[in-house]
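Undergrad: Structural data only, the sequence is not supplied:
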């Protein structure tokens, strides 16, 4: 998991502008989740995922299947991070939340790089 900073942020009396990434991504998604919900609990073998939090408070739990590293942290508006292959990631929304999700590899419905973890 990589925590990142936006490459640019400007605010004035009109509002704000956040430069999220200057890299190419194969797929971009908008996610909206109600408070006290769980999302994720899966990993990818090939795909990197970038997340940019638009609103809300979310607790993130990551378990790296290769290194056995366990990480927990909280994110809020403006936070940006990348989940790497073989990192099981689970999101616990503390409040109603919205985020942008970018995938390095487009999801193929016939052969998705999406591996769920049984609880």
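TA: Here it is on my side, so go on. The structure presented is a predicted model; accordingly, all values stated were derived computationally and were not measured.
Undergrad: Helix or strand for the most centrally placed residue in the chain, just tell me which one.
TA: With distances taken as C-alpha atoms, centre = their mean, the residue of the chain nearest its centroid is residue 51 (3.2 Å). Per DSSP states H and E: residue 51 is located in strand 49-55.
Undergrad: coming back round to it: list the contacts of the residue nearest to the centre of the chain.
TA: Contact analysis of residue 51 by C-beta atoms under 8 Å, 6 or more residues apart in numbering lists 75, 79-83, 99-102. Bear in mind the C-beta positions are built from the backbone N, C-alpha and C, glycine included.
Undergrad: Among these, which one sits closest to residue 60?
TA: Distance ranking of these against residue 60, using C-beta to C-beta, places residue 75 first at 6.1 Å.
Undergrad: how about that closest one, secondary structure?
TA: Following DSSP: H, G, I helix; E, B strand; the rest coil, we place residue 75 in the strand state.
Undergrad: isn't it right up against residue 53?
TA: Yes: with contact taken as C-beta atoms under 8 Å, residue 75 and residue 53 are classed as touching, separated by 5.0 Å.
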